[in-house]
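> Sequence isn't available, so here's the structure alone:
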């Protein structure tokens, strides 16, 4: 049963509650543009009078309001989907970005670059066959061979540089992943402790959600929520974070600490207190950015480089054979035009001849002006076709990655939208909440005034009959 | 898409994403316009890239065939004009022989004069046999020397054909082996003219008569060689024409694959510009108001 002042405490509870509602609205507005902020909603709980004593009675009208909960508006299922799709998106867009950069360096189709140099090289042989005795024509063959070898070396160099950059990138990524994992494990612990203390852990939860998303984007980390609310993160099927413990992701082989290649395939493992687990390679290994970089380093770039090597090898083999089949200006059999080391590849392609007289234009011994061998040299080898297939393969790959990452971006975007619909701050809504809280606060104040008036009447104006 | 709640951030991000997309499309069109090309990298159109590279190869080949053919036509033109003069010279020698055979009407002194002229024709022919195109004797095969015949009428060339590739699998010989026109050493036109001069000097009418037949045969040989060279000239000319035509049509084809249609791209750019402006306008309207603007 409420006492005389019971209603005053009801008014007080309303004042307090609405103050909190105003605070929550204010906090939402303050964080309207904060990354990772999830809007809060204050959930009021009406206070019913308990029965504090045997003879007290419930009078049926309640005893005010209390802050039941300040709820974070999230949906764990939606968060999980957002993380998954963002992980895939960052995998695709990272692969696309790297390969597109390599592709920019290719510069095909166009009047410059390797293909143009190949065509020019073929044609100068024909020009030499028109004028087998001409020093200028011979010099041109050497010059054009230099240009072609240079163009191939440049492209091989571009690929090698990209590989070096991506290896360094991998080392950085691994350390970023480890620091995110550590942060998440620490937050797991903090949240548990904070909530056991009965304090609100909303901000910590915001931060933990962000880290979980970051791990999904960096490594394709899959987060599951345990029964006690702790996040467990697995990368490549192995546990990276569990409770307060974070394992350490380590590059097991393939890349040295300084970012060099060690010749072995790239592999990762996770070390934690229970030992170390080697992650599987390929699609079942790490995803996200790390997965993309690993895939590019393991498959795409080496394949392209091997293609360039094959083109360079074909060029060197075919032209050297043709040189050997012909005779140079002094009438003796030709010596190799290109030097090529199959162990090094396209980067080792060099023109071995500097004396224009050593070009074997003639198919007859003895120094006759027969351009037959020059004509054959212009048609030797399949390197233009091989190169064209290579470029086509790269272009197809980049364009398909572009397509897929665009699709994935719109999927991730619509999930972001759905999440934003739930978790985002609407200024209009907060304004309405503010107005409502303000009005309720005013009404509660009015209630207090009313009660005050009632009590004034009762206390000060009662029993004054006849005075 | 069913939108439950709309938040300011959603609108900002959404508007920003749309503006970015729109601007991105404009940048792509802008690139096409400023480079004049629709394929600026293989991934813009992988199939088109393959086609473009193949066509570029063919265009380069055809251009080279045209160049080769021009050079070949130069050789064969030189061969033709030289053989034309050679025919004239041989005919003149035969005329002289016919005059010399007319023994009744002609004294030895006149025949001596004819012999001197025959020797002159021989020297002229030797010069023609050593005719050159771009510093190379056109009747000397693949010799690296400057002469096809020495002063005694011996062929000093190197056997071998000077060929020009005028299409993928078409190689045409553009020189003529001097021996098929002028003969060599004792069986050469020079020896024949020497014999005629000797016969004229000695008044050997049988020898002169024999020379007439020999020179007639030689004239036929020369005319035959010229006709053969003419046929090859024609073949090269046709090939050059074909290569030139192919090159033009391939270049056109390449242009349709690689190059941007200026009118079309400009219209697209204009459309995109309008779309972008509309997006900007819409964004500015959408982002401005909130409930706060309408409350006291």
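Perfect, I can see it now. Keep in mind it's a predicted model, so treat the numbers as computed, not measured.
> Show me where chain B has its strands.
Read by DSSP state E, chain B holds these strands, from start to end of the chain: B:132-133, B:136-137, B:163-167, B:170-173.
> Any idea which of those strands gets closest to residue A:258?
Counting by CB to CB, residue A:258 lies closest to strand B:163-167 out of the strands of chain B; the figure is 54.1 Å. Just so you know, the C-beta spots here come from the backbone N, C-alpha and C atoms, and that holds for glycine as well.
> so how far is the closest one off the chain centroid?
Distance of strand B:163-167 from its chain centroid, counting by CA atoms, centre = their mean, to the nearest Å, is 9 Å.
> before we move on, what about stretch B:159-175?
12 Å.
> If you count neighbours, what's buried in it?
B:160, B:162-167, B:170, B:172-175 (16 or more other CB atoms under 10 Å in any protein chain shown).
> What segments of the stretch 51-200 of chain B are helices?
With DSSP state H, counting those that start in this stretch as the criterion, the stretch 51-200 of chain B has helices at B:108-129, B:178-182, B:189-202.
> cool, chain A as well?
Under the criterion DSSP state H, helices of chain A are mapped to A:6-30, A:76-106, A:113-130, A:135-196, A:202-219, A:288-295, A:301-325, A:372-378, A:383-423, A:427-460.
> out of those helices, which comes closest to chain B?
For the helices of chain A, proximity to chain B was assessed by CB to the nearest CB; helix A:383-423 is nearest, at 2.5 Å.
> what angle sits between that closest one and helix A:288-295?
Here helix A:383-423 runs at 170 degrees with respect to helix A:288-295, directions being taken by axes from the mean of the first three to the mean of the last three CA atoms, to 10 degrees.
> The nearest residue to residue A:212 once chain neighbours are set aside and chain B: what is the separation?
With CB to CB, 6 or more residues apart in numbering or on different chains as the measure, residue A:223 is the residue that lies nearest to residue A:212, at 4.4 Å, once sequence neighbours are left out. Counting by CB to the nearest CB, to the nearest Å, the gap from residue A:223 to chain B is 23 Å.
> Can you tell me which residue is spatially central in chain B?
Centroid check for chain B by CA atoms, centre = their mean gives residue B:66 as the closest residue, at 2.2 Å.
> State the distance from it to residue A:133.
Distance check for residue B:66 against residue A:133: by CB to CB, to the nearest Å, it reads 22 Å.
> Residue B:245 too?
Relative to residue A:133, residue B:245 is positioned 32 Å away (CB to CB).
> do residue A:388 as well
In this view, residue A:388 and residue A:133 are 34 Å apart by CB to CB.
> And those two? Which one has more around it.
Between residue A:388 and residue A:133, counted using other CB atoms under 10 Å in any protein chain shown, the more crowded position is residue A:388 (25 against 19).
> before we move on, the earlier item: looking at it, the residue nearest to residue A:212 is touching residue A:80, isn't it?
Yes: under the criterion of CB atoms under 8 Å, residue A:223 is in contact with residue A:80, at a separation of 6.9 Å.
> Tell me which of these two has more neighbours.
Neighbours per residue (other CB under 10 Å) separate residue A:223 from residue A:80, with residue A:223 holding more: 23 against 16.
> If that one is in a bridge, with which residues?
According to DSSP bridges, the partner residues bridging residue A:223 are residue A:233.
> In contact with residue 160, which residues?
No chain in the question, so chain A it is. Listed by CB atoms under 8 Å, 6 or more residues apart in numbering or on different chains, the contact set of residue A:160 reads A:305, A:347.
> my bad, chain B
Counting by CB under 8 Å, 6+ apart, residue B:160 touches A:364, A:368, A:370, B:141-142.
> picking up where we left off before, wait, which of the helices of chain A is closest to residue B:275?
Between residue B:275 and the helices of chain A, the shortest gap by CB to CB is with helix A:383-423, which sits at 18.0 Å.
> Let me know the angle separating that closest one from helix A:301-325.
Our comparison of helix A:383-423 with helix A:301-325, counting by the same axes, to 10 degrees, yields an angle of 170 degrees.
> Most neighbours out of the contacts of residue B:160, which is it?
Of these, residue A:370 is surrounded by the most neighbours, 28 neighbours in total, counting by other CB under 10 Å.
> Would you agree that one is in contact with residue A:364?
Yes: in this structure, residue A:370 sits in contact with residue A:364. The criterion is CB under 8 Å, and the distance is 4.8 Å.
> Chain A contacts on the stretch 51-200 of chain B?
For the stretch 51-200 of chain B, the residues in contact with chain A under the definition CB under 8 Å from any CB of the partner chain are B:52-54, B:56-57, B:60-61, B:63-64, B:67-68, B:71, B:134-136, B:141-144, B:158, B:160, B:162-165, B:171.
> Once you drop chain neighbours, what's closest to the most centrally placed residue in chain A?
With distances taken as CA atoms, centre = their mean, the residue of chain A nearest its centroid is residue A:90 (3.4 Å). Leaving aside its chain neighbours, residue A:90 sits nearest to residue A:217 (4.3 Å; criterion: CB to CB, 6+ apart).
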